Every structure is written in C-alpha cells, then in structure tokens.
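Visitor: sharing a model prediction with you, sequence too.
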Amino acid sequence: MFRRLFLVLLLPIAASACTATPAPQPDPLAVPDQATQAQATPELAVPDSWTAFRDDAHGFALAYPPTAAQPTTTSEAAFYLTLPADPSTNVVEETIAVRIVPAGQPCASPLGSGFAPEELSPVTVELGGLSWLRQTRSGAAAGTASTWAAYSTSRGDRCVSLDYTLRTYDPANLDPTRFPTPPATVDPRSRSQDFEAIVATFTWLR
C-alpha cells in the first residue's frame with residue numbers, strides 16, 4: 001500500500017517537472033552598450049599641469065599636456081591642435097585632432113578613408129574605461145615620412161575619432177657641411193603611444 005501511495009504522489013511531481021518553463025539564461029555573446037555603463041555625470045580626470053577641453057555641443061571633454069599652442073576648431077575637427085615644432089628634432093609637423101564622425105557612417109577615423117581595413121592594422125583597445133578602435137598608417141612622400149594613429153569610440157548614435165599625425169624628415173638627407181650636428185630622430189611609435197595618455201582622459205559628458 002505504501003508503495004502504491006508513493007507512486008501516486010510521485011507521478012504528479014514528475015509531470016509538473018516536465019512541463020516547467022526553464023528560466024531564461026543571459027546571452028554570453030551579448031555586448032552591453034557603453035552608454036548604459038557610463039555615469040550620468042562623469043568627472044574629467046585632469047593630470048597635474050594639463051589643460052582641460054570641454055565641448056558641450058558634442059558632449060565630450062578631454063585633457064592635454066602643457067603647450068604654448070592653442071586648440072582651434074576647423075570644418076573637419078571639433079578640436080585641432082598643432083604642436084610647436086622642435087628645431088632640435090626632425091619633426092616637420094605634429095597635430096592632434098578630434099573629429100566628429102557623421103551619424104550613419106562606420107565609427108572609424110576619417111583619416112582611413114580610401115584604405116582597405118586591413119591596411120590600417122585595426123585593433124580594439126581599452127583606454128580610460130572605454131573601448132576604442134585603433135587604426136594606424138605610415139607612408140613616405142617628397143622626402144618626408146608621415147605616420148598617424150587614430151582612436152575611435154562611440155556612445156549611442158555619436159562617434160568621435162581622436163587622431164594624431166606626425167610628419168618627419170630623414171636627417172641623413174641633410175648637407176653635413178651645413179648641418180654638422182644632425183637633428184635628433186624621433187620615434188613615431190613612441191610618440192603615438194604618448195598620445196594614448198590624452199586618449200585615456202577622454203570623457204563623455206552625456
């Protein structure tokens with residue numbers, strides 16, 4: 001009798017277990033939107049002696065090291081800074097720009113327009129708590145070499161690209177009778193890595 005009663009009680013439990021709806025499991029491949037992770041009122045971290053730049057129209061801020069140059073805006077950039085050339089080095093021109101990528105376009109640097117993606121060595125990096133698409137390109141023309149490194153990030157439907165450009169010449173091409181002491185040759189890779197310190201200060205304001 002006890003065995004029969006046990007089977008009678010067990011059958012409803014088994015039937016209920018078969019019809020129970022499984023609890024939904026999180027998608028391991030889903031990537032959370034950066035906009036949902038950002039603070040509502042973030043604070044810009046400004047290193048000692050650095051200068052803060054704030055763009056309320058586009059909703060971002062950043063900081064940059066001490067320099068005698070003043071940032072400007074252009075038709076292409078919301079922030080554009082030409083660093084003073086050091087005559088003791090082989091630097092021809094060195095610039096920093098923040099470009100606003102139009103909505104609907106891929107979130108990548110406008111500097112890469114016309115190049116195949118694989119030509120720009122794209123890689124995702126984490127800086128300042130944000131994910132960035134890093135692209136780089138080097139080339140030579142008219143006796144000078146140029147290198148640029150770009151970091152692009154997005155929030156919602158907004159995308160910005162922080163771009164660093166360096167143009168140099170080869171001191172070996174100088175007339176040794178006129179330049180007995182050749183200028184120092186800067187390392188483009190080291191310069192672009194230094195630029196990452198600026199990228200790491202970038203903050204979305206909204």
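Guide: Looks like it came in fine. Keep in mind that this is a model prediction, so the values were computed, not measured.

Visitor: show me where the chain dips below the pLDDT cut-off.
Guide: Within the chain, the stretches with pLDDT under 70 are 1-42.

Visitor: which strand residues bridge the spatially most central residue of it?
Guide: For the chain, the residue sitting closest to the mean C-alpha position, by Cα atoms, centre = their mean, is residue 151 at 3.0 Å. Beta-bridge partners recorded for residue 151 (DSSP bridges): residue 134, residue 162.

Visitor: so it touches residue 160, yeah?
Guide: No. Residue 151 is beyond contact range of residue 160, at 9.1 Å (criterion: Cβ atoms under 8 Å). The C-beta positions use only the backbone N, C-alpha and C, and glycine is treated the same way.

Visitor: how about the strands in this structure?
Guide: Assigned by DSSP state E, the strands in the chain fall at 51-55, 60-64, 79-82, 91-100, 123-127, 130-141, 144-155, 158-169, 203-204.

Visitor: neighbouring contacts of stretch 199-206?
Guide: 38, 42-47, 50, 54, 56, 59-64, 127-128, 130, 132, 151, 153, 155, 160, 162 (Cβ atoms under 8 Å, 6 or more residues apart in numbering).

Visitor: quick one: end-to-end length of it, please.
Guide: 18 Å (Cα to Cα, to the nearest Å).

Visitor: if you count neighbours, what's buried in that stretch?
Guide: Under the neighbour-count criterion of 16 or more other Cβ atoms under 10 Å, stretch 199-206 has 199-204 buried.

Visitor: again, but for stretch 87-105
Guide: In stretch 87-105, counting by 16+ other Cβ under 10 Å, buried: 90-91, 94-101.

Visitor: any idea how far the residue nearest to the centre of the chain lies from residue 103?
Guide: 19 Å (Cβ to Cβ, to the nearest Å).

Visitor: contacts only, for the nearest residue to residue 50 once chain neighbours are set aside.
Guide: In space, and not counting its chain neighbours, residue 50 is closest to residue 63: 4.4 Å by Cβ to Cβ, 6 or more residues apart in numbering. Listed by Cβ under 8 Å, 6+ apart, the contact set of residue 63 reads 44-47, 50-53, 198, 201.

Visitor: just the buried residues from the residues you listed, in ChimeraX please.
Guide: Here is the ChimeraX command that picks out the buried ones among these, judged by 16+ other Cβ under 10 Å:
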select :50,53,198,201
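
Visitor: save the contacts of residue 63 as JSON lines, and put in distance to residue 169 too.
Guide: What follows is the contacts of residue 63, written out as JSON lines (distance: Cβ to Cβ, whole Å):
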{"residue": "44", "distance to residue 169": "36"}
{"residue": "45", "distance to residue 169": "36"}
{"residue": "46", "distance to residue 169": "34"}
{"residue": "47", "distance to residue 169": "31"}
{"residue": "50", "distance to residue 169": "30"}
{"residue": "51", "distance to residue 169": "29"}
{"residue": "52", "distance to residue 169": "34"}
{"residue": "53", "distance to residue 169": "30"}
{"residue": "198", "distance to residue 169": "25"}
{"residue": "201", "distance to residue 169": "31"}
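
Visitor: the contacts of residue 63 in helices, which ones?
Guide: residue 198 (DSSP state H).
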